[in-house]
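Participant: Have a look at this prediction, sequence included:
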Amino acid sequence: MQASPASIEGENVKIQAAADHVDVPPNSPDDSNVSLWRELRAIKWKKWLVIISLGFIYNMGISIYLCLSPIIGIINADIGPDPAYSWLPTCWTVATGVGLIVAGTLSDVLGRRWFVIGTGVLGVAGGICGALAQNIPTALASLTILGLNHAGAMNTLAAIAEIVPTRLRGIILGAVNAGILVWATCGSLIGHEVAVHTAPGWRTLFWIIVAANGLATLLVAINYFPAKPLAAGMKTRRQLLKEFDYVGLALATAGPTLFFVGIKYVPTYGAKSGYFLGPFLAGIALMVCLGCHQAFYASNPIMKRFLFRRVREFTLILVVAAVGGMLFYSIVAFFSTYLRVMFHGDNTRAIGVDYMPFGAGTNVGGVSSALLLPIIAPVIGTRLHLAIGVTLQVLFIPLMCLPTANSRGMALAFSFFAGAGIGWVELLTILLIQLATPDEWIGVATGLLGMMRSIGGSAGSAVYTTILNSRSADLIPEYVGSAALEAGLPAGSLRQLLGILTGVVTGESITDVPGISPSIIQVSTSALHKAWRQAFHYVWLTSIPFGVIALGCAIMTKDVSGSEVFMALMV
C-alpha cells in the first residue's frame with residue numbers, strides 16, 4: 001500500500017511550498033556568504049536525495065540525444081538501410097517539443113510526483129525498445145518515447161525550483177546543469193566508442209538509459225512527496241480535470257507536430273514540395289487557432305494570458321530561447337559532419353575528441369551564467385547579462401568561416417566560445433522565465449520555453465541542412481571537377497570520382513577510377529576540402545541575422561535585477 005505524504009513526514013521529503021520559498025536573511029551584508037552556506041546546510045539529506053534524483057532524470061533525458069545524433073549512420077548500417085534513419089534525431093526533437101507544453105501544464109495543475117515517475121517509466125520503456133530494435137521504425141518509436149521522456153525530464157527543473165529557497169535556485173540549477181558536462185563534452189566520443197568497442201554496440205547506450213532511469217525513478221518514488229499544487233487551489237482533481245482546456249491541449253499537440261514534420265521534409269523535398277507545404281501550413285494554421293482559442297475563447301487556457309502580457313519579461317525571453325535552439329540543436333546535428341569533412345575523414349575517435357571543446361563550452365557557459373547571475377546582474381542588469389551569451393554566439397559562430405584544413409586549433413577554440421554562448425543563453429533563459437512566473441505556473445512557463453527552443457531547433461536544422469546540402473551539391477562538382485580535369489583526369493571518369501569522394505558510390509576504391517593518379521587524388525582531395533569549407537561558410541554566416549534578432553530581443557527585455565523576486569537571490 002502506498003504511503004501518504006502525512007504518514008512519512010519526518011522520514012521522507014515533504015515539500016511545503018510556502019515554507020520553502022521563505023529565505024533566511026543574513027544579519028548584515030558581510031554575512032551573505034555565511035547565510036548562503038547555512039541555507040545549503042539546512043537542506044536535509046533526503047531532500048538532497050530528491051534533488052539529485054530529479055537532476056539525474058534531467059541529465060539522462062538529454063544524454064541519449066547527444067550520444068546518438070552523431071552515430072545515426074552506424075545504426076542505419078546495422079539495422080537498415082532505411083532512408084528514414086535521418087528521422088532518428090528529429091523524432092526525439094518533435095516529441096520533446098510537443099511533450100513539454102503538455103507535461104508543464106498538467107503537472108502544474110495535477111502535481112509533479114506522478115509526472116516525474118511517469119517520466120522515468122518512459123525512459124525505461126524507450127530504452128528497452130531501442131536496445132531490442134531490429135529495424136529503423138522500431139528505433140524511431142524508441143526515440144519518440146525518449147523524446148517524451150526528455151520533455152518530462154525538463155519539468156524536473158520546475159520541480160527542483162519549487163523545493164529550494166529562491167536564493168538557491170541559481171546555484172542548484174547551475175549544479176544540476178553541470179551534470180550534463182560528461183554528455184555535452186564527450187557525447188560524440190562516447191557514442192562512437194560505445195558503438196565500435198562494446199559487444200552490444202550502439203545498443204549499450206539504450207541499456208544505460210534503462211538502468212539510470214530505473215534507479216532514479218525508484219528513488220523519486222520513495223522520497224518525493226510534494227504538497228498539493230499551488231495552481232490547484234481548493235479544487236479537487238475531478239474538478240480540475242472537468243475544467244481543463246482539452247481543446248487547447250489538442251491544438252498545442254497537433255499544431256507543433258505538423259509544423260515539425262513539415263520542417264523536416266524541407267531538406268529532402270524542397271520548400272515548394274507538398275510534403276513540406278501540407279503539414280507545415282496545417283501546423284501554422286492550427287497554431288494560429290491555438291492562439292485565438294487561448295486569447296478569446298478558453299475559459300481556463302493552458303497558456304496563461306497574463307504571462308504573454310509580460311512582453312519584456314516573458315515573451316521576448318521565449319524569442320531568445322527559440323533562436324538559441326536554432327543554433328544548438330542544428331549545430332549538434334552537423335558539427336560532426338564539419339569535423340569529418342574538414343579534418344578527420346572516417347576517424348571517429350578523432351571526431352569525438354574534437355567535439356569535446358564545443359560540448360564543454362555549452363556546459364561551462366550554462367553553469368557560469370547561473371552562478372554569476374546574483375553577482376553580475378545587480379551591476380549590469382539582467383538584460384545585459386543575457387546579452388553576453390547572445391553576443392558570444394553572434395561573434396564566434398560566424399568566425400567559424402576562418403579556419404582552414406590546417407588551422408584545426410582555431411576551429412576548436414571558436415567552437416568552444418560559440419558553445420559557451422549557447423549554454424549561457426539556454427540556462428539563463430530558464431532562470432529568467434522562472435523569475436518572471438508565479439510559482440504555481442512554473443511548469444507551464446518552463447514547458448513553453450522548451451517548446452519554443454524545440455521549434456527553433458527544428459527550424460534551424462532544416463534551414464542549415466538545406467543550405468549545406470544545396471551549396472555542397474553545387475560547389476563539390478565545380479571545385480573537384482575543375483581541379484581533377486586540369487590535373488589530367490579523363491572527362492569520362494569524373495562522375496565515378498565524384499561519387500567515391502562524396503560517399504554516393506560505395507565498395508569502390510578511388511584508385512579504381514580510370515586514369516587516376518596520385519597527383520590527381522591529391523588535388524581532388526584538396527578541392528573537396530575547399531568546397532566543403534565554402535559550403536559551411538554559408539551555414540555559419542546564416543547564423544548572423546538570427547543572432548542579431550536574438551541580441552535585439554535580449555537588450556529589449558526588462559531588467560528584473562531590482563525586482564523583489566530577484567532580490568530574494570541576493571538576500
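Facilitator: Arrived safely. Residues are numbered from 1 along each chain as shown.

Participant: ok, for residue 88, nearest residue in space, not its chain neighbours?
Facilitator: Nearest non-adjacent residue to residue 88, counting by C-beta to C-beta, 6 or more residues apart in numbering: residue 72, 4.8 Å away. Any C-beta I mention is one placed from the backbone N, CA and C, and that applies to glycine too.

Participant: Can you dump the C-alpha atoms of the host helix or strand of that neighbour in PDB for me?
Facilitator: Assignment of secondary structure by DSSP states H and E places residue 72 within helix 72-79. Listed in PDB are the C-alpha atoms of helix 72-79, where the atom choice follows Å, rounded to 0.1, in the frame of the first residue of the first chain:
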ATOM      1  CA  ILE A  72      22.800   7.500 -36.600                       C
ATOM      2  CA  GLY A  73      24.800   6.400 -39.700                       C
ATOM      3  CA  ILE A  74      26.200   3.500 -37.700                       C
ATOM      4  CA  ILE A  75      22.700   2.500 -36.600                       C
ATOM      5  CA  ASN A  76      21.400   2.600 -40.100                       C
ATOM      6  CA  ALA A  77      24.300   0.400 -41.300                       C
ATOM      7  CA  ASP A  78      23.400  -2.200 -38.600                       C
ATOM      8  CA  ILE A  79      19.600  -2.400 -38.700                       C
END
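
Participant: tell me the mean pLDDT over that helix?
Facilitator: For helix 72-79, the mean pLDDT works out to 87.

Participant: same question, stretch 513-526
Facilitator: The predicted model assigns stretch 513-526 a mean pLDDT of 89.

Participant: So what touches it?
Facilitator: 480, 483-484, 486-490, 492-493, 496-497, 500-501, 510-511 (C-beta atoms under 8 Å, 6 or more residues apart in numbering).

Participant: picking up where we left off before, neighbours of the residue nearest to residue 88, just the number please.
Facilitator: A count of nearby residues for residue 72, using other C-beta atoms under 10 Å, gives 21.

Participant: hang on, it packs against residue 84?
Facilitator: No: here residue 72 lies out of contact with residue 84, judged by C-beta atoms under 8 Å, at a distance of 10.7 Å.

Participant: leaving aside the residues next to it on the chain, what's closest to residue 321?
Facilitator: Sequence neighbours aside, residue 429 is the residue nearest to residue 321 in space, at 4.5 Å (criterion: C-beta to C-beta, 6+ apart).

Participant: now that neighbour: how far from residue 74?
Facilitator: Using C-beta to C-beta, to the nearest Å, one obtains 33 Å as the distance from residue 429 to residue 74.

Participant: Kindly give the local confidence score, pLDDT, for the closest residue to residue 49 other than its chain neighbours.
Facilitator: If you skip the residues right next to it in sequence, residue 49 has residue 223 as its closest partner in space, 5.5 Å away by C-beta to C-beta, 6+ apart. Looking at residue 223, its pLDDT stands at 85.

Participant: Could you verify my assumption that residue 223 touches residue 46?
Facilitator: Yes: checked against C-beta under 8 Å, the pair residue 223 and residue 46 is within contact range at 5.7 Å.

Participant: The top helix by length along the chain: what's the following helix or strand?
Facilitator: The single longest helix within the chain, with elements called by DSSP state H, is helix 442-486. Proceeding N to C from helix 442-486, the next assigned helix or strand is helix 494-502, under DSSP H and E.

Participant: show me where the stretch 251-400 of the chain has helices.
Facilitator: With DSSP state H, counting those that start in this stretch as the criterion, the stretch 251-400 of the chain has helices at 274-292, 305-309, 316-339, 348-380, 382-396.

Participant: Alpha carbons of stretch 504-514, as PDB, please.
Facilitator: Provided in PDB are the C-alpha atoms of stretch 504-514 (Å, rounded to 0.1, in the frame of the first residue of the first chain):
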ATOM      1  CA  VAL A 504      27.500   8.100 -53.000                       C
ATOM      2  CA  VAL A 505      29.400   5.200 -54.600                       C
ATOM      3  CA  THR A 506      30.400   2.600 -52.100                       C
ATOM      4  CA  GLY A 507      32.500  -0.500 -52.400                       C
ATOM      5  CA  GLU A 508      35.000   1.000 -54.800                       C
ATOM      6  CA  SER A 509      38.400   2.500 -54.200                       C
ATOM      7  CA  ILE A 510      39.500   5.800 -55.600                       C
ATOM      8  CA  THR A 511      42.400   4.000 -57.200                       C
ATOM      9  CA  ASP A 512      39.900   2.100 -59.300                       C
ATOM     10  CA  VAL A 513      38.900   5.200 -61.200                       C
ATOM     11  CA  PRO A 514      40.200   5.000 -64.800                       C
END
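
Participant: Okay, now the unreliable bits of the chain?
Facilitator: Of all residues in the chain, those with pLDDT under 70 make up the ranges 1-37, 39-40, 108, 228-234, 267, 329-330, 332-333, 506, 563-571.

Participant: any idea how far the residue lying closest to residue 84 once chain neighbours are set aside lies from residue 461?
Facilitator: Once its chain neighbours are removed from consideration, residue 84 has its nearest residue in residue 136; the separation is 5.4 Å (C-beta to C-beta, 6+ apart). Note on residue 136: its distance to residue 461, by C-beta to C-beta, is 19 Å.

Participant: Tell me which of those two has more neighbours.
Facilitator: Using other C-beta under 10 Å, the more surrounded residue of residue 136 and residue 461 is residue 461, with 25 against 22.

Participant: which one of residue 429 and residue 74 has more residues nearby?
Facilitator: Summary of the neighbour comparison: residue 429 and residue 74, criterion other C-beta under 10 Å, with residue 429 having more neighbours (26 against 17).

Participant: wait, what's in contact with the more buried one?
Facilitator: Each residue near residue 429 by C-beta under 8 Å, 6+ apart is listed here: 317, 320, 321, 324, 386, 449.

Participant: residues in contact with stretch 475-486?
Facilitator: Stretch 475-486 is contacted by residues 491, 494, 497-498, 501-502, 520, 523-524, 526-528, 530-532, 534-535 when judged by C-beta under 8 Å, 6+ apart.

Participant: What of stretch 323-332?
Facilitator: 65-66, 69, 93, 358, 362, 390, 393, 397, 418, 422, 425-426, 429, 452-461, 463-465, 543, 546-547, 549-550, 553.

Participant: Produce a PyMOL select command limited to the buried residues of those.
Facilitator: Command for PyMOL that selects the buried part of the contacts of stretch 323-332, burial taken from 16 or more other C-beta atoms under 10 Å:
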select buried, resi 65+66+69+93+358+362+390+393+397+418+422+425+426+429+452+453+454+455+456+457+458+459+460+461+463+464+465+543+546+547+549+550+553
